[in-house]
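Enquirer: Sharing a model prediction with you, sequence too.
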Amino acid sequence: NYALIYNSNGDSYSVVKYNTATFETQKVFETNTPMDFRDLTVTSDGHIFAGTALGLYHSYNDGQDFEVCLIDSVVGHTSTTRVSQTKSGDAILVKLSTGFFASYDKGKTWKKLHMFNKDLIDYPFTVWEKVEIIDTNYAAILMRNGCFSSGVFLITPNTNGWKKINPPAFKLDAYNLFNNGENRLFANENQCKWVLSDDEGKNWESLECNGNAVVNLNKDNKDQLY
């Protein structure tokens with residue numbers, strides 16, 4: 001078993017290997033290079049891949065061996081993000097500024113993925129909230145671009161690239177929810193804006209005041225909204 005540890009300042013990251021039977025721990029990887037904990041993957045046989053601002057770090061043999069993987073020879077060792085292993089375990093996937101690449105041999109060689117780089121909806125400051133990569137033919141991501149915009153995109157052999165889907169039923173990420181006494185529901189969506197529903201939550205629409213989305217909403221003990 002492995003755990004990722006970073007200090008409160010976020011300027012030091014380490015991977016610790018631990019034994020749940022003996023409670024023994026061993027630090028096998030550490031770096032103070034800027035990175036995100038979502039960009040670190042550990043395989044079942046102990047290969048550690050960490051996407052950093054200086055390139056993709058690869059550590060193995062319980063930390064005895066270390067290298068910086070050269071993924072795209074044109075750009076050299078560059079910022080690497082969105083590091084993940086496929087659910088099938090056959091590949092490590094990373095994203096550079098030049099696109100998605102996959103390695104089927106633990107970082108020795110890299111192949112640019114055609115479908116993953118086609119119709120990719122990616123903007124500055126986009127946050128990948130959830131990534132599910134089954135293999136290099138099937139994948140799904142939940143993207144959020146700013147406070148009010150999000151979408152689900154998927155790849156299958158039939159999509160020929162990323163396809164945005166809008167399922168008829170969805171889970172509202174409501175941080176606050178209340179009823180105003182008139183069978184109207186109000187919810188704070190994604191800690192961004194307020195939405196309302198008049199059919200017990202089946203459909204939602206944005207709550208606006210003078211044409212602007214409401215970002216703060218309260219009510220008193222008489223159900224008066226402010």
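Expert: Noted; the coordinates are in hand.

Enquirer: start to end distance for stretch 78-98?
Expert: One end of stretch 78-98 to the other measures 10 Å (CA to CA, to the nearest Å).

Enquirer: Run through who's touching it.
Expert: If you take CB atoms under 8 Å, 6 or more residues apart in numbering as the criterion, stretch 78-98 is touched by 36, 38-41, 43-44, 49-56, 71-72, 74-75, 100-104, 106-107, 112-113, 116, 128, 131-136. C-beta: built from backbone N, CA, C; applies to glycine.

Enquirer: cutoff 7 Å now
Expert: With contact meaning CB atoms under 7 Å, 6 or more residues apart in numbering, stretch 78-98 is reached by 39-41, 43, 49, 51-53, 55-56, 71-72, 75, 100-104, 107, 128, 131, 133-136.

Enquirer: do the same with stretch 35-53
Expert: Contact with stretch 35-53 is made by 2, 4, 6, 13, 15, 28-29, 31, 33-34, 56-60, 62, 79-85, 92, 94, 106-107, as judged by CB under 7 Å, 6+ apart.

Enquirer: Could you rerun that using 8 Å?
Expert: Here stretch 35-53 makes contact (CB under 8 Å, 6+ apart) with 2, 4, 6, 13, 15, 17, 28-29, 31, 33-34, 56-62, 69, 79-85, 89, 92, 94, 106-107, 128.

Enquirer: Using ChimeraX, define a selection of the buried residues within the contacts of stretch 78-98.
Expert: Filtering the contacts of stretch 78-98 down to the buried ones (16 or more other CB atoms under 10 Å) takes a single ChimeraX command:
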select :39,40,41,49,51,52,55,56,71,72,100,101,102,103,107,128,133,136
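
Enquirer: Select from the contacts of stretch 78-98 every entry located in strands.
Expert: Among these, the residues falling in strands (DSSP state E) are 39-41, 49, 51-52, 55-56, 100-103, 128, 131, 133-135.

Enquirer: ok, of the contacts of stretch 35-53, which come out buried?
Expert: The neighbour-count test (16+ other CB under 10 Å) marks 2, 4, 6, 13, 15, 17, 28-29, 31, 56-60, 69, 79-85, 92, 94, 107, 128 as buried among these.

Enquirer: Could I get the pLDDT score of residue 57?
Expert: Residue 57 is assigned 94 on the pLDDT scale.

Enquirer: so what's it up against?
Expert: 29, 31, 33, 48-51, 66-69.

Enquirer: looking at this protein, which helix or strand does the model trust least?
Expert: Ranked by mean pLDDT, DSSP states H and E, the weakest helix or strand in the chain is strand 174-179, scoring a mean of 72.

Enquirer: quick one: secondary structure of the residue lying farthest from the centre of the chain?
Expert: What lies farthest from the middle of the chain is residue 222; by CA atoms, centre = their mean that is 41.6 Å. Using DSSP: H, G, I helix; E, B strand; the rest coil, the structure places residue 222 in coil.
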